[in-house]
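Peer 1: With the input below, show me the fold.
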Amino acid sequence: MSNLSSPFVSIIIPVFNDSERLKTCLEALENQTYSKNLYEVIVVDNGSDEDIESVVNHFTQAVVAFESCPGSYAARNKGISVTKGDVLAFTDADCIPAPNWLEKGVANLLSIPQCGLVAGKIEFFFKDPNRPTAVELYDAHMIGLPQQKFIEKWRYGATANLFTFKRVVEDVGYFDDTLKSSGDKEWGQRVFAAGYKQTYADDTCVAHPARYFLSQLQKKLTRLTGGKQDLKRRRGYQFRGFIEDLTKNLLPPLRAYFRIWSDEKLQGNKQKIQIISVMLLVRHLRVWELVRLQLGGKSTRG
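Peer 2: Down below sits the predicted model:
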């Protein structure tokens, strides 16, 4: 089925009610430079109300699986359990992989002895490149998915663009499906702790849409904050840590101000002011979410 230089790849995509963007993702995966007989696409429907199966059936490389347990990590685990490939590639339904994404990802994975994961580049794009909204600007410039930083500072890669070997998963275990967010971080750190090498690949690219509406950004904020707090609690998070997190979000973000005003990619003071306005609102929302979680609220999928 595969050989050392051209392994069979299983691509895993969790999806929850995102059929339109899933179509675009699957179209991109249908047109990869990697040989069609050397990869499969497994779309895992995570309890959608939309007819995901009908979408998937239009694409020759794709099959659908179902996971009723809510959460993207539970869906990814389901996908892993039915894969045929020696290599596993992860992306999301709202991402658009470059035509050579598979080819480059596999090449990077094979080029490093004892490689545990490759984290590829994630480029954010706007609905209207000439008129991005304030929320889009904030999401792309202040949050984003900086894979190189994730690898170098925190030893993981985001599952929007991630390659690994199936044998690595079999060694370190599946994703923690009790987490609604940060499961990729927890898993990547397990890979690193097991002695595997990790690398960032600038030539292995997917495009990712920036959040357009504030409600979308708030869902993301809720999911990320909950995931981080769940991880901290497992590692002995105390009330003192809560106060530190609260203080961090209440103090003036001077470093962020400087970063925004010195960003040459931003077009004039108007965009900078837009980003600062959203940033201050987000910090306010994060404070309330931290308080809610501290008072016993549960993290959500967002």
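
Peer 1: so how far is stretch 187-194 from its chain's centroid?
Peer 2: Its chain's C-alpha centre and that of stretch 187-194 lie 17 Å apart, by Cα atoms, centre = their mean, to the nearest Å.

Peer 1: Over to stretch 230-248?
Peer 2: 23 Å.

Peer 1: same deal with stretch 57-72?
Peer 2: That offset, for stretch 57-72, works out to 18 Å (Cα atoms, centre = their mean).

Peer 1: following the longest strand along the chain, which helix or strand comes up?
Peer 2: In the chain, taking DSSP state E as the definition, the longest strand is strand 197-209. Next along the chain after strand 197-209, taking DSSP states H and E as the criterion, comes helix 214-234.

Peer 1: which is the next helix or strand following that next one?
Peer 2: Under the assignment DSSP H and E, the closest C-terminal helix or strand after helix 214-234 is helix 239-250.

Peer 1: pLDDT value on Met1, please?
Peer 2: What the model reports as pLDDT for Met1 is 40.

Peer 1: Which of the three states applies to Phe59?
Peer 2: coil (DSSP: H, G, I helix; E, B strand; the rest coil).

Peer 1: And it, what's its pLDDT?
Peer 2: The model's pLDDT for Phe59 equals 98.

Peer 1: swap in Ser5?
Peer 2: 77.

Peer 1: For the residue nearest to it when sequence neighbours are not counted, grab the count of nearby residues.
Peer 2: Counting by Cβ to Cβ, 6 or more residues apart in numbering, Ser5 lies nearest to Leu110, which is 7.2 Å off, once chain neighbours are set aside. No exception for glycine: its C-beta is placed from N, CA and C like everyone else's. Neighbours of Leu110 under the rule other Cβ atoms under 10 Å: 17.

Peer 1: hang on, Leu110 packs against Asp86?
Peer 2: No - look at Leu110 against Asp86 with Cβ atoms under 8 Å: they stay out of range, at 10.5 Å.

Peer 1: can you give me the strands in this protein?
Peer 2: 9-15, 39-45, 62-66, 87-91, 96-97, 115-125, 161-165, 197-209.

Peer 1: I'd like those laid out as CSV, including mean pLDDT and distance to Lys149.
Peer 2: Formatted as CSV, the strands of the chain follow (pLDDT from 0 to 100; distance: least, Cβ to Cβ, whole Å):
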stretch, mean pLDDT, distance to Lys149
strand 9-15, 98, 24
strand 39-45, 98, 28
strand 62-66, 98, 32
strand 87-91, 98, 19
strand 96-97, 98, 21
strand 115-125, 98, 10
strand 161-165, 98, 14
strand 197-209, 98, 9
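
Peer 1: Distance to Ala134 for the ones you listed - can I get that in CSV?
Peer 2: Putting the strands of the chain into CSV (distance: least, Cβ to Cβ, whole Å) gives the following:
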stretch, distance to Ala134
strand 9-15, 28
strand 39-45, 33
strand 62-66, 36
strand 87-91, 27
strand 96-97, 23
strand 115-125, 14
strand 161-165, 26
strand 197-209, 16
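
Peer 1: Helices along the stretch 51-200 of the chain, start to end?
Peer 2: Ranges of helices in the stretch 51-200 of the chain, per DSSP state H, counting those that start in this stretch, are 52-56, 72-81, 101-111, 134-138, 147-149, 166-172, 183-193.

Peer 1: in the third one, what counts as buried?
Peer 2: Of the residues in helix 101-111, those with enough neighbours to count as buried (16 or more other Cβ atoms under 10 Å) are 101-110.

Peer 1: can I get those in a markdown table with distance to Ser181?
Peer 2: As requested, these are arranged in a markdown table below (distance: Cβ to Cβ, whole Å):
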| residue | distance to Ser181 |
| --- | --- |
| Trp101 | 24 |
| Leu102 | 26 |
| Glu103 | 30 |
| Lys104 | 27 |
| Gly105 | 23 |
| Val106 | 28 |
| Ala107 | 30 |
| Asn108 | 26 |
| Leu109 | 25 |
| Leu110 | 30 |
